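Colleague: Return atomic coordinates for the entry below.
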Amino acid sequence: MCKLLDKEAKKVKEITSVEQFNEIISKDQPVIVKFYATWCPDCTRMNMFIDPIIEKYNQYEWYEINRDNFPELAEKYQVLGIPSLLIYKNGEKLAHLHSANAKTPEDVTQFLDAQNI
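Modeller: Numbers count the residues shown, from 1 in each chain. Got it, this is the predicted structure:
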């Protein structure tokens, strides 16, 4: 039972408003926001391999936002392709893994390992 609860606690949380997004990225600890779309096959593929990565990099809080619902945020933060992983802290974008470089678990872990946050 504890294992299930621990796993549930590490789940990616959905961002549902601009206000919530702004509050999350303003935290003084780094957070990861995945921009995705429901119709995106690469987003579905990432969902198939991301859970062990979330568990390994649990120093981050993980969130996701549907870029189709918030095109103004995607434009503001230069999210031109999906899925994209962005790291924020204190309201600033610190890093951006663009969709072209986010195809495999190795791509994502190399990106996260390169961060000195």
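Colleague: Hmm, residue 65 is touching residue 15, no?
Modeller: Yes: Residue 65 is within contact range of residue 15, at 4.2 Å (criterion: C-beta atoms under 8 Å). Any C-beta I mention is one placed from the backbone N, CA and C, and that applies to glycine too.
Colleague: Name the residues contacting each of the two.
Modeller: Taking C-beta atoms under 8 Å, 6 or more residues apart in numbering as the contact rule, residue 65 and residue 15 both touch 21, 33.
Colleague: which stretches of the chain form helices?
Modeller: Taking DSSP state H as the test, the helices found in the chain are 2-9, 18-25, 41-56, 71-76, 105-113.
Colleague: just checking, what packs against the longest one?
Modeller: I take that to be helix 41-56. When contacts are defined as 3 or more C-beta pairs under 8 Å, 6 or more residues apart in numbering; DSSP states H and E, helix 41-56 packs onto strand 31-36, helix 105-113.
Colleague: Deepest-packed of these, please.
Modeller: strand 31-36 (a mean of 24; mean count of other C-beta atoms under 10 Å).
Colleague: Extract the C-alpha trace of stretch 62-69 and format it as PDB.
Modeller: Only the C-alpha atoms of stretch 62-69 are listed here, as PDB (Å, rounded to 0.1, in the frame of the first residue of the first chain):
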ATOM      1  CA  TRP A  62       6.700  17.600 -12.300                       C
ATOM      2  CA  TYR A  63       3.800  19.300 -14.100                       C
ATOM      3  CA  GLU A  64       2.200  19.200 -17.500                       C
ATOM      4  CA  ILE A  65       0.200  21.700 -19.500                       C
ATOM      5  CA  ASN A  66      -1.800  21.100 -22.700                       C
ATOM      6  CA  ARG A  67      -0.300  23.600 -25.100                       C
ATOM      7  CA  ASP A  68      -3.500  23.700 -27.200                       C
ATOM      8  CA  ASN A  69      -5.400  25.100 -24.200                       C
END
